[in-house]
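K.L.:
My questions concern the predicted model and sequence given below.
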Amino acid sequence: MVGNAWGLGLGSGAAGPACTAGDPERPGTGRGPILSEPRVAVKVRPLTGARSTIDLGRNRCQHADMATWRLAWPAAAIIGLGLGAIGDVSAGAVSKPAPCQASALAAAFTKVPNSNAAGSVLYTLRLTNKGSTTCSASGRPRLQLLDGKGKNLPTRVVSAVGKGKAGTVSLAHGKSAAATARFSPSVAAPGESQKGACEPNAVRVRITLSPPARGSLTAPVRPPTPVCQHGHIELSPLRAQR
C-alpha cells in the first residue's frame, strides 16, 4: 500500500491486466508497454478506515508503475493541501471578548488637576475591569448627574469635537478605559441662577454603558461640582489606558 500519509493507497489487486509478450514497447526507450487507453485504479482510504476505488481506466499493464505514481502523487498532494488549508483556518479563528457587564466594572469621575481654563474644567471618567475575564466596552457611555440625595440633575451630554470616532476597547482584568468630560462649573446659561452656583452640586454620576455592553453603575464626583449650561457636558469616546 502506498501513500498512507494522505489516506491513499495503490493495491495490486486494483491494477489493470498483466502485460504480455505481445505488448508493444515504447519506441526507442525500451521502457514498458505503450498504453493506448491509460487507466489506473487508485484506492482512496478515507479517515474512517473504509476503502473505495476510483477506476481511472479499463486497460492497464500491472508493471507500468511510473505512470501509476505520476497519477497517484498529484492526487495525494491535492488532498494534503486541502486538509492543511482547513487546519490553517481553524487555527486562525480568534474569539472576541464578550461585552462588559456593569457588575464587572468599577467607575470613577475625577477632576483633572490644573485643568481650569476659560470658565471650563476637565474631569476623567474611568471604567476598570474588576472581573476575572477580559471584556469589551465601546462608544460613549450615557451620563446622568445626581445630587446628594440621588435625585436627577439637569444633564446634557454631547460628543466632544475633534476627539475621534468611538471604537471598541478590550479590558483585561485590572485594565481601564477612560473618557474626558469638559464642562463649565461657573458660567451660567439663561434660566440658571446668575448669583452663586448655577446648579446644585453633582455628587454622583450614573453611567449607562453603550451597547452591546449592558447595565449601569454609579461613581462619586470628586470633588462635587455644579455643571452649568443646564448640565452641558462634552464627552470624548472611551480610550484604553496604558
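P.N.:
That came through fine. Numbering: from 1, shown residues only.
K.L.:
Spatially, what comes nearest to residue 100 if we skip its sequence neighbours?
P.N.:
The shortest distance from residue 100 to any residue other than its chain neighbours is 3.8 Å, reached at residue 135 (Cβ to Cβ, 6 or more residues apart in numbering). The C-beta positions use only the backbone N, C-alpha and C, and glycine is treated the same way.
K.L.:
Where does pLDDT dip in the chain?
P.N.:
Confidence mapping of the chain against pLDDT under 70 gives the ranges 1-94, 163.
K.L.:
domains for it, by residue range?
P.N.:
As assigned by automatic domain parsing, the chain contains the domains 4-92, 98-240.
K.L.:
So what does residue 155 have for phi and psi?
P.N.:
Per-residue torsions, residue 155: phi -140, psi 130 (degrees, to the nearest 10).
K.L.:
show me what contacts it?
P.N.:
Shown here is residue 155, whose contacts under the criterion Cβ atoms under 8 Å, 6 or more residues apart in numbering are 143, 144, 145, 227, 231, 233.
K.L.:
which outside residues touch stretch 208-217?
P.N.:
Contacts of stretch 208-217 with the rest of the structure, by Cβ under 8 Å, 6+ apart, involve 99-103, 105-107, 135-144, 166, 206-207.
K.L.:
buried ones in that stretch?
P.N.:
Judged by neighbour count (16 or more other Cβ atoms under 10 Å), stretch 208-217 contains these buried residues: 209, 210, 213, 217.
K.L.:
so how far is the first residue of that stretch from its last?
P.N.:
Chord length of stretch 208-217, first to last residue, is 7 Å (Cα to Cα, to the nearest Å).
K.L.:
Likewise for stretch 124-141?
P.N.:
Taking Cα to Cα as the measure, stretch 124-141 stretches 13 Å from start to finish.
K.L.:
Show me which residues of that stretch are buried.
P.N.:
By neighbour count on 16+ other Cβ under 10 Å, the buried set for stretch 124-141 is 124-129, 131, 135-141.
K.L.:
Please convert these to a markdown table, extending it with distance to residue 158.
P.N.:
A markdown table is the format used below for these (distance: Cβ to Cβ, whole Å):
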| residue | distance to residue 158 |
| --- | --- |
| 124 | 18 |
| 125 | 14 |
| 126 | 20 |
| 127 | 20 |
| 128 | 25 |
| 129 | 27 |
| 131 | 30 |
| 135 | 27 |
| 136 | 24 |
| 137 | 20 |
| 138 | 18 |
| 139 | 14 |
| 140 | 9 |
| 141 | 13 |
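K.L.:
and which of these is nearest residue 199?
P.N.:
The nearest member of the buried residues of stretch 124-141 to residue 199, counting by Cβ to Cβ, is residue 125 at 18.8 Å.
K.L.:
Now name the helix or strand holding that closest one.
P.N.:
Assessed by DSSP states H and E, residue 125 sits inside strand 121-129.
K.L.:
With residue 136 instead?
P.N.:
Secondary-structure assignment from DSSP H and E places residue 136 in strand 135-138.
K.L.:
got it, and residue 185?
P.N.:
When the helices and strands are read off by DSSP H and E, none of them contains residue 185.
K.L.:
mind listing what it touches?
P.N.:
Residues 120, 121, 198, 225, 226, 227, 228 are the ones in contact with residue 185 under the rule Cβ under 8 Å, 6+ apart.
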